[in-house]
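Participant: Based on what follows, work out the 3D shape:
(one chain, ligands or ions: 1)
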Amino acid sequence: MIRSEVLGCGAYLPERIVTNEELARRLDTSDEWIVARTGIRERRIAAEGEKTSDLALRASEAALQAAGVSVDEVDLIVLATATPDYTFPSTATTVQAGLGMYHGAAFDVQAVCSGFVYALSIADNFIRAGQTGTALVIGAETFSRILDWNDRGTCVLFGDGAGAVVLRAAEGAGNSSDRGILSTHLHSDGRHRDLLYVDGGPSATQSVGHLRMEGREVFKHAVTNLAAVVNEALIANGLDADDIDWLVPHQANQRILDGTARKLGVSPTKVVSTVARHANTSAASVPLALAEAVGDGRIKRGDLLLLEAMGGGFTWGAGLVRW
Ligand code: UT7
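Facilitator: Sure, this is the predicted structure:
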């Protein structure tokens, strides 16, 4: 059976750190409120002129280096973003050109905060189908560009960044001991569009728009949907929560991470959390968390990882990966 092994991962964060105190100087908010309600202490914000593709390119170069793979070997780039450089061409093709890659295919995926899990699932399916040998999967965002910086209910929650992984086709036995992506599980429900959306776009308003969110409602759906999709992934592989070595969740809010882990019976010590320093980087948050925990040695070869995310649409999904 063909599996998609993860050969390496990489990440990139913009240099500029914006603390809660800095936001509190120009907004009616406080470090205490933001930390208590979200766990966020600071976020990175892209420099003027620094685009999503710039962050994605840096993360991709780091991932390729960690994987020991050259650009010539990559035949597919799938880039998840809700904040592309331009309406078109895709940010993926800009990254492809930046890497000096003139073969294969590159395209963007739009599933907002679930984008990386969607992109991973798509690349995994290309590999399993035999159409791709080596894929670069990226999550990259500059949410700072679509925030309403006068809306304290949303602008304190997000940050910019990028993360990437390199996948390669490998033979597996077809059981849960295999290395690589064991399974992915995707869901969406368009009825909840109005709870989390951007109020602009090329066809509707001919503008970019700003992020709007009913935070409390999104929160409730997030914990329920994430726990359900994680259970679905475990059942599909005949595993249970005790088998998980690391939960690598989308980083929206520490309270959502805690609530989901509690619901699943996963110890908080097995949850990779970067939300305090990265805030919510949408499609970039899962690969950023992954790269951090691999980089500091927490995630080791053979560990079982559960990746999950939920975002606008609504979209949500999970992936089980043996590192
Ligand atoms: O990545 C996609 C998924 N997104 C998410 O998962 C986000 C999910 N939602 C959340 O994380 C939380 O709902 C928030 C962090 C957005 C908000 O936390 P909450 O505990 O649900 O607060 P709330 O929205 O119910 O607001 C409580 C109060 C309100 O004041 P009143 O109406 O009680 O007087 C808000 O106006 O807190 C106020 N508030 C703030 N106060 C200080 C809202 N934002 C702020 C702020 N600083 N930045």
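Participant: alpha carbons only for contacts and neighbour counts from here, please
Facilitator: Noted.
Participant: can you pull the contacts of residue 198?
Facilitator: Residues counted as contacts of residue 198 (C-alpha atoms under 8 Å, 6 or more residues apart in numbering) are 146, 209, 210, 211, 212.
Participant: Tell me what it is bridged to.
Facilitator: On the basis of DSSP bridges, residue 198 is bridged to residue 211.
Participant: mind checking how far it is from residue 211?
Facilitator: 4 Å (C-alpha to C-alpha, to the nearest Å).
Participant: Overlap of the contact sets of these two?
Facilitator: Applying C-alpha under 8 Å, 6+ apart, one finds that residue 198 and residue 211 are jointly contacted by residue 146.
Participant: and residue 292, what helix or strand is that in?
Facilitator: helix 285-295 (DSSP states H and E).
Participant: Show the contacting residues for residue 303.
Facilitator: 244, 245, 246, 322, 323.
Participant: again, only using 6 Å
Facilitator: Going by C-alpha atoms under 6 Å, 6 or more residues apart in numbering, residue 303 touches 245, 322, 323.
Participant: Just confirm residue 53 is within a strand.
Facilitator: No: using DSSP: H, G, I helix; E, B strand; the rest coil, the secondary structure at residue 53 is helix, not a strand.
Participant: That one: neighbour count?
Facilitator: Look at residue 53: counted by other C-alpha atoms under 10 Å, it has 27 neighbours.
Participant: For it, give its distance to the ligand.
Facilitator: According to C-alpha to the nearest ligand atom, to the nearest Å, residue 53 stands 21 Å off from the ligand.
Participant: before we move on, back to that, redo the contacts of residue 303 as a markdown table? Include neighbour count, secondary structure and pLDDT.
Facilitator: As requested, those are exported to a markdown table (neighbours: other C-alpha atoms under 10 Å; DSSP: H, G, I helix; E, B strand; the rest coil; pLDDT from 0 to 100):
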| residue | neighbour count | secondary structure | pLDDT |
| --- | --- | --- | --- |
| 245 | 21 | coil | 98 |
| 322 | 21 | strand | 98 |
| 323 | 19 | coil | 97 |
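Participant: Could you list the buried residues of the lengthiest helix in the chain?
Facilitator: Longest helix of the chain, by residue count under DSSP state H: helix 215-236. Going by neighbour count (16 or more other C-alpha atoms under 10 Å), the buried part of helix 215-236 is 218, 222-223, 225-234.
Participant: can you state the direction angle for the host helix or strand of residue 166 and helix 285-295?
Facilitator: Element membership of residue 166, judged by DSSP H and E, is strand 160-171. Here strand 160-171 runs at an angle of 70 degrees relative to helix 285-295 (axes from the mean of the first three to the mean of the last three C-alpha atoms, to 10 degrees).
Participant: Strands along the stretch 101-250 of the chain, start to end?
Facilitator: Using DSSP state E, counting those that start in this stretch, the strands of the stretch 101-250 of the chain run over 105-109, 134-142, 160-171, 180-188, 196-198, 211-213, 246-249.
Participant: how about those strands in CSV, adding distance to the ligand and mean pLDDT?
Facilitator: Formatted as CSV, the strands of the stretch 101-250 of the chain follow (distance: least, C-alpha to the nearest ligand atom, whole Å; pLDDT from 0 to 100):
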stretch, distance to the ligand, mean pLDDT
strand 105-109, 16, 98
strand 134-142, 12, 99
strand 160-171, 13, 98
strand 180-188, 13, 98
strand 196-198, 8, 98
strand 211-213, 8, 98
strand 246-249, 11, 98
